[in-house]
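Participant: fold the following, please.
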Amino acid sequence: MHIRMFTASDTDAVIQLWQDCGLTRPWNDPALDIERKLKVGADTFLVGIKDEQLVATLMGGYDGHRAWVNYLAVSPDYRGAGLGRLIMEFFEARMLERGCPKINLQIRRGNQEVIDFYNAIGYNEDDAVSMGKRLIPDQ
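Facilitator: Numbering: from 1, shown residues only. A predicted model of the protein is given here:
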């Protein structure tokens with residue numbers, strides 16, 4: 001798989017992949033999420049290309065203290081082939097180059113398959129409570 005930065009021409013394929021992977025929610029407009037990301041740290045929005053198809057994404061970020069991973073997706077047709085691990089390793093290497101000490105991510109409750117994936121690549125549950133507050137509704 002070839003990993004590169006997201007480009008605007010990837011938008012439709014990325015949104016379709018996120019939908020195919022069950023990552024989208026009615027209260028989050030994926031096109032707006034992409035638009036917002038491109039304004040801040042676009043270089044940490046990655047896509048994976050295999051067989052001339054967009055098959056993986058990782059929307060990451062780094063604030064100087066922690067890196068975050070959002071929208072990690074691998075096409076259902078390519079699951080189990082190591083592509084999720086590959087794009088995570090690519091992102092981790094970029095973060096190490098920047099001196100990032102830790103990567104955080106959030107997983108929806110009950111998504112054991114994803115929890116198992118992250119455990120398998122060295123991530124552990126933090127003793128923390130995730131909280132959020134919507135400032136701008138997408139609808």
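Participant: show me where the protein has its strands.
Facilitator: 2-5, 45-50, 53-62, 67-74, 103-105 (DSSP state E).
Participant: now the ones you listed in TSV, with mean neighbour count and distance to residue 119?
Facilitator: For the C-beta atoms, the positions are set from N, CA and C on the backbone; glycine is no exception. As requested, the strands of the chain are exported to TSV (neighbours: other CB atoms under 10 Å; distance: least, CB to CB, whole Å):
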stretch	mean neighbour count	distance to residue 119
strand 2-5	12	23
strand 45-50	20	21
strand 53-62	21	18
strand 67-74	21	14
strand 103-105	16	12
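Participant: quick one: residue 25 from residue 70, how far?
Facilitator: Distance, residue 25 to residue 70, using CB to CB, to the nearest Å: 12 Å.
Participant: re the thing from before, can you put the strands of the chain in JSON lines and add mean pLDDT and distance to residue 136?
Facilitator: Formatted as JSON lines, these follow (pLDDT from 0 to 100; distance: least, CB to CB, whole Å):
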{"stretch": "strand 2-5", "mean pLDDT": "98", "distance to residue 136": "25"}
{"stretch": "strand 45-50", "mean pLDDT": "98", "distance to residue 136": "20"}
{"stretch": "strand 53-62", "mean pLDDT": "97", "distance to residue 136": "17"}
{"stretch": "strand 67-74", "mean pLDDT": "97", "distance to residue 136": "17"}
{"stretch": "strand 103-105", "mean pLDDT": "96", "distance to residue 136": "22"}
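Participant: just put these in TSV and tack on distance to residue 135.
Facilitator: Output for the strands of the chain, formatted as TSV (distance: least, CB to CB, whole Å):
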stretch	distance to residue 135
strand 2-5	27
strand 45-50	21
strand 53-62	17
strand 67-74	17
strand 103-105	20
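Participant: longest helix of this structure?
Facilitator: helix 83-97 (DSSP state H).
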